[in-house]
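Peer 1: Quick one, structure for this:
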Amino acid sequence: MLTRIKPLRLSIALMLTLIFLAPAFMMPATAAAAAPAVTALPATDIEDESATLNGRLTSDGDYDVVEYGFYYDDSSTVSTTDDKEIAGTSDLEDEESFEAIIVGLEADTRYYFRAYIIYEDSRDNRRLLLSTNSRAFTTSDSSAAAVPAVTALAATDIEEEAATLNGRLTADGDYDVVEYGFYYDDSSSVTASDDKEIAGTGDLEDEETFDATIDNLDPDTRYYFRAYIIYEDSSDDARTVLSTNSRYFDTGDSGIEDRPEVTTDAATDITARSARLNGEIESSGISDITEYGFYYGTSSSTSTKKRVGSRIDEGDDFDYRLTGLRSDTRYYFKAYARNSEGISYGSVRSFFTEEGEERPSVSTKAPTTSGSTATLYGVVTAEGDSNIESYGFYYGTSSNPTIRIKVGSSIDEDDTFNYRLTSLAPGTYYVKAYAVNDDGTAYGTVRQFRIAGFAAPSLFWIGSPLYSINGVYQTGEAAPYIKNSRTYLPIKPVGNSIGISDSAITWNAVNRNVTLTKGNTTVRLQIGSPIMYVNGVAVMMDTAPEISNSRACLPIAHVVKVFGYTAYWDGSARSVTIR
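Peer 2: Predicted coordinates:
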């Protein structure tokens with residue numbers, strides 16, 4: 001009976017001792033692409049049963065992100081076995097932030113979370129990456145009596161020696177507020193012992209804002225401030241509450257007029273998933289512009305930076321097209337410009353993305369096959385509400401194919417596209433076409449195709465020049481032989497047995513090496529060397545190709561395995577079968 005050939009107890013004669021035994025001896029390779037990185041940001045909007053988790057893609061490493069979100073638990077050791085909340089499934093850009101609201105939490109409980117992304121590596125395998133950091137938050141106690149809360153808002157009307165501080169009473173807790181205002185200092189740790197500015201002494205209502213102007217500040221200085229309120233508790237005792245957050249601002253300096261003047265113009269071309277930001281350079285200032293662009297985000301404190309360029313003339317307009325946005329969401333943005341004297345900002349503007357989405361339509365056509373090759377076909381039947389950004393196929397051996405092939409990045413409506421797969425092993429395959437625009441990814445129906453393989457296996461007998469390839473008996477110029485428990489075979493019978501034509505087998509007599517090519521796979525072997533090169537990557541074998549009876553012979557088992565075949569040894573018949 002046939003038994004599977006051992007660590008390959010057989011070597012087929014002819015130069016190309018392709019062994020694939022040891023874990024891979026790699027020649028010095030080019031540096032690997034940088035891996036993506038993701039970080040968890042502080043949670044916000046924390047209540048007794050819900051919270052908003054925040055994260056940021058700090059580097060995409062030139063890979064496509066296909067899913068992102070958070071894992072969370074009430075234990076500090078958060079892993080992928082804990083609760084999961086998906087934030088999105090579209091691609092992210094470097095430094096793009098994302099968030100997800102989790103509900104059904106326990107009140108007065110400490111939770112921990114880590115951000116995650118799933119990305120496709122260079123071989124289109126999906127890999128999950130957790131943030132190296134974790135964050136924690138504590139849900140509020142629904143049974144505790146509510147106390148007033150105040151928050152500091154961004155400073156406005158900032159000049160060289162003055163600024164207006166802003167705050168909001170976010171909850172009065174059913175208590176009477178008797179005073180409110182701000183504490184401020186040029187140190188980031190603002191306390192009730194720092195300078196104080198009273199904004200008012202009357203009562204405030206929930207969500208009511210207040211402000212106070214402070215002056216006699218130092219020019220060109222960073223100041224920090226916190227809002228405060230004083231309220232009377234149930235015992236009529238006065239209690240002070242400072243905002244948990246602090247804000248800062250930078251006073252101007254006498255050289256501020258030397259900086260650029262930049263204007264933020266209204267956003268245009270707004271869809272459910274994209275918008276175009278616009279700005280204008282009013283003045284370059286005392287020197288040339290060295291950088292300009294936009295800051296944007298989902299809060300008025302815009303934090304995500306998009307650099308547009310480094311050189312621009314006075315009076316010129318500039319723009320940037322944002323993609324991957326959430327539908328029906330308010331976004332804020334402001335233009336900026338920098339010269340040698342510093343940076344200037346335009347005013348903050350906002351826009352709402354449109355509701356809903358209109359993805360493209362794509363159809364999967366029937367593939368065609370020939371031998372171990374298949375040609376896939378697709379057609380974009382509709383672009384949707386924006387241009388196609390990426391299109392191609394997913395294929396694999398399951399009915400939910402996951403191996404992605406990107407064919408292109410721009411295609412017109414009703415255009416057909418295709419891709420040729422080679423060196424496929426016999427079996428059943430599935431394929432679906434895909435296309436991506438600003439609103440997301442669309443897929444065609446899944447189609448099935450089959451690679452039949454060879455009608456019959458190839459057989460070789462030790463010591464005999466007679467062999468059978470696909471059921472056809474032939475006589476070769478040399479017979480297979482065994483050396484050091486490895487079966488060797490001349491080059492051409494080995495190649496022919498796995499579907500490689502004579503024209504795809506090259507012998508270099510000067511360099512004493514042989515090359516076999518099939519589809520996208522190229523194998524090169526050197527006579528006398530145990531190193532086999534597969535598409536340029538070195539693989540260490542436990543034997544080497546050699547010359548026997550003026551013929552280059554190679555160990556059969558290692559060579560055929562690289563091309564997706566297996567060699568079986570029949571000890572009783574002293575024969576080798578290749579399937």
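Peer 1: CA atoms for contacts and neighbours, from now on please.
Peer 2: Fine.
Peer 1: got any ranges where the stretch 251-400 of the chain has weak pLDDT?
Peer 2: 253-257, 356-357 (pLDDT under 70).
Peer 1: all strands of it, in order?
Peer 2: Assigned by DSSP state E, counting those that start in this stretch, the stretch 251-400 of the chain shows strands spanning 261-268, 275-283, 291-297, 304-309, 317-322, 330-339, 342-345, 349-352, 361-370, 373-382, 390-396.
Peer 1: Save those strands as JSON lines, and put in mean neighbour count and distance to residue 463 too.
Peer 2: Formatted as JSON lines, the strands of the stretch 251-400 of the chain follow (neighbours: other C-alpha atoms under 10 Å; distance: least, C-alpha to C-alpha, whole Å):
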{"stretch": "strand 261-268", "mean neighbour count": "20", "distance to residue 463": "79"}
{"stretch": "strand 275-283", "mean neighbour count": "22", "distance to residue 463": "73"}
{"stretch": "strand 291-297", "mean neighbour count": "22", "distance to residue 463": "75"}
{"stretch": "strand 304-309", "mean neighbour count": "16", "distance to residue 463": "71"}
{"stretch": "strand 317-322", "mean neighbour count": "16", "distance to residue 463": "70"}
{"stretch": "strand 330-339", "mean neighbour count": "24", "distance to residue 463": "77"}
{"stretch": "strand 342-345", "mean neighbour count": "17", "distance to residue 463": "82"}
{"stretch": "strand 349-352", "mean neighbour count": "18", "distance to residue 463": "79"}
{"stretch": "strand 361-370", "mean neighbour count": "19", "distance to residue 463": "35"}
{"stretch": "strand 373-382", "mean neighbour count": "20", "distance to residue 463": "34"}
{"stretch": "strand 390-396", "mean neighbour count": "21", "distance to residue 463": "41"}
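Peer 1: Now do the domain split for the protein, please.
Peer 2: 3-24+456-578, 47-138, 159-250, 258-340, 361-438 (automatic domain parsing).
Peer 1: Please produce JSON lines containing the strands of the stretch 251-400 of the chain, extended by distance to residue 545.
Peer 2: Putting the strands of the stretch 251-400 of the chain into JSON lines (distance: least, C-alpha to C-alpha, whole Å) gives the following:
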{"stretch": "strand 261-268", "distance to residue 545": "66"}
{"stretch": "strand 275-283", "distance to residue 545": "61"}
{"stretch": "strand 291-297", "distance to residue 545": "60"}
{"stretch": "strand 304-309", "distance to residue 545": "56"}
{"stretch": "strand 317-322", "distance to residue 545": "57"}
{"stretch": "strand 330-339", "distance to residue 545": "64"}
{"stretch": "strand 342-345", "distance to residue 545": "67"}
{"stretch": "strand 349-352", "distance to residue 545": "68"}
{"stretch": "strand 361-370", "distance to residue 545": "32"}
{"stretch": "strand 373-382", "distance to residue 545": "29"}
{"stretch": "strand 390-396", "distance to residue 545": "35"}
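Peer 1: what residue is smack in the middle of this structure?
Peer 2: The residue lying closest to the centre of the chain (C-alpha atoms, centre = their mean) is residue 65, at 2.7 Å.
Peer 1: So for that residue, what pLDDT did the model give?
Peer 2: Residue 65 carries a pLDDT value of 86.
Peer 1: which residues touch it?
Peer 2: Applying C-alpha atoms under 8 Å, 6 or more residues apart in numbering to residue 65 gives the contacts 89-92, 117-120.
Peer 1: can you tell me which residues contact the residue nearest to residue 271 when sequence neighbours are not counted?
Peer 2: In this structure, residue 271 finds its nearest non-sequential neighbour in residue 354, 5.3 Å apart by C-alpha to C-alpha, 6 or more residues apart in numbering. Contacts for residue 354 (C-alpha under 8 Å, 6+ apart) come out as 270-273, 327-329.
Peer 1: With residue 115 instead?
Peer 2: Residue 115 sits next to 38-40, 54-55, 68-71, 130-131, 134 when contact means C-alpha under 8 Å, 6+ apart.
Peer 1: cool, and residue 177?
Peer 2: Applying C-alpha under 8 Å, 6+ apart to residue 177 gives the contacts 201-204, 229-232.
Peer 1: Just the buried residues of these.
Peer 2: Using 16 or more other C-alpha atoms under 10 Å as the burial test, those include 204, 229-231 as buried.
Peer 1: mind giving me JSON lines with those and columns for secondary structure?
Peer 2: Below are the buried ones among the contacts of residue 177 laid out as JSON lines (DSSP: H, G, I helix; E, B strand; the rest coil):
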{"residue": "204", "secondary structure": "coil"}
{"residue": "229", "secondary structure": "strand"}
{"residue": "230", "secondary structure": "strand"}
{"residue": "231", "secondary structure": "strand"}
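Peer 1: in stretch 549-565, what counts as buried?
Peer 2: Those buried within stretch 549-565 under the rule 16+ other C-alpha under 10 Å are 551-563, 565.
Peer 1: same deal with stretch 528-542?
Peer 2: Result for stretch 528-542 [16+ other C-alpha under 10 Å]: buried residues 528-534, 537-542.
Peer 1: Kindly report the same for stretch 88-106.
Peer 2: In stretch 88-106, counting by 16+ other C-alpha under 10 Å, buried: 88, 90-102, 105-106.
Peer 1: That stretch spans what distance, first to last residue?
Peer 2: Using C-alpha to C-alpha, to the nearest Å, one end of stretch 88-106 lies 25 Å from the other.
Peer 1: Report the distance from it to the chain centre.
Peer 2: In terms of C-alpha atoms, centre = their mean, to the nearest Å, the centre of stretch 88-106 is found 13 Å from the chain centre.
Peer 1: How about residue 390, nearest residue that isn't a chain neighbour?
Peer 2: Nearest non-adjacent residue to residue 390, counting by C-alpha to C-alpha, 6+ apart: residue 409, 4.1 Å away.
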